[in-house]
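Visitor: got a structure for you, letters missing:
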């Protein structure tokens with residue numbers, strides 16, 4: 001990830017591990033039960049960072065007769081919160097991890113051809129699929145997506161029969177203000193998440209949260225460098241025209 005001068009602010013936060021389970025350090029659980037709230041009720045710092053390693057969305061699909069086809073769970077990679085301070089509203093959008101196109105529970109020919117990587121952008125209201133085909137000759141995500149589900153985006157309940165969210169808040173969060181804090185967090189094995197705040201237009205802002213996956217430091221000079229991805233990113237031109245999922249990539 002490259003941070004330019006147009007970035008209003010970058011915030012790095014660490015959170016502490018809790019009880020040990022199956023040999024892994026886990027965090028205390030807090031569930032986000034609603035994706036739409038009033039911006040006047042939650043400031044930026046009141047918006048808790050996510051424990052991305054333990055946050056998922058589960059989709060349920062059935063056939064025309066109501067018979068269960070599949071229940072599949074996907075990990076959350078990034079969150080983008082769009083805030084309109086004038087209207088006093090905000091909406092949270094999530095990006096899922098990518099998966100290969102495949103025949104679910106297929107007995108043969110497991111891999112779909114032409115193959116593609118597929119991710120989803122979703123809120124509790126709407127969602128869209130992002131497909132990247134392996135060959136440039138077939139890399140037309142919109143037309144390719146129509147072959148699978150009949151639509152690329154729409155209301156969440158129209159694309160799948162049911163969707164459930166398991167978004168876990170990080171606990172005991174500390175803001176890394178100094179370079180030495182960042183170096184200590186990295187060398188101490190602490191999970192770290194990043195937060196970038198962007199001004200879209202007027203009173204509309206976007207807060208992007210993401211896990212820091214690669215972290216370079218020099219303990220002698222306190223230099224640090226991070227990169228991560230994929231992450232959910234707002235398109236300023238499109239969001240200037242319409243506040244919603246179509247303005248996110």
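Guide: Looks like it arrived, so ask away. Note that the structure is a prediction, hence the values are computed from the model and not measured.
Visitor: all contacts plus neighbour counts: C-alpha atoms, from now on.
Guide: Noted.
Visitor: from residue 170, how far off is the most centrally placed residue in the chain?
Guide: Among the residues of the chain, residue 78 comes closest to the average C-alpha position under Cα atoms, centre = their mean, at 2.2 Å. According to Cα to Cα, to the nearest Å, residue 78 stands 14 Å off from residue 170.
Visitor: residue 248 too?
Guide: Using Cα to Cα, residue 248 is found at 24 Å from residue 170.
Visitor: of those two, which one has the most company?
Guide: The residue with more neighbours, out of residue 248 and residue 170, is residue 170; 25 against 18, by other Cα atoms under 10 Å.
Visitor: check which residues of stretch 215-224 are buried.
Guide: Residues of stretch 215-224 classed as buried: residue 217 (neighbour count, 16 or more other Cα atoms under 10 Å).
Visitor: list the contacts of that stretch.
Guide: Here stretch 215-224 makes contact (Cα atoms under 8 Å, 6 or more residues apart in numbering) with 179-180, 182-183, 186, 225-227.
Visitor: go through stretch 181-188 and flag the buried ones.
Guide: Of all the residues in stretch 181-188, those buried under the rule 16+ other Cα under 10 Å are 181-186.
Visitor: ok, now stretch 105-121?
Guide: When burial is assessed from 16+ other Cα under 10 Å, stretch 105-121 yields the following buried residues: 115-121.
Visitor: can you list those residues in CSV and add distance to residue 48 and secondary structure?
Guide: Output for the buried residues of stretch 105-121, formatted as CSV (distance: Cα to Cα, whole Å; DSSP: H, G, I helix; E, B strand; the rest coil):
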residue, distance to residue 48, secondary structure
115, 37, coil
116, 34, strand
117, 30, strand
118, 28, strand
119, 24, strand
120, 22, strand
121, 20, strand
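Visitor: quick one: strands adjacent to the lengthiest strand in the chain?
Guide: Secondary structure of the chain per DSSP state E: the longest strand is strand 68-84. The strands that strand 68-84 pairs with in its sheet are strand 56-62 (antiparallel), strand 89-96 (antiparallel), strand 204-211 (antiparallel) (by DSSP bridges).
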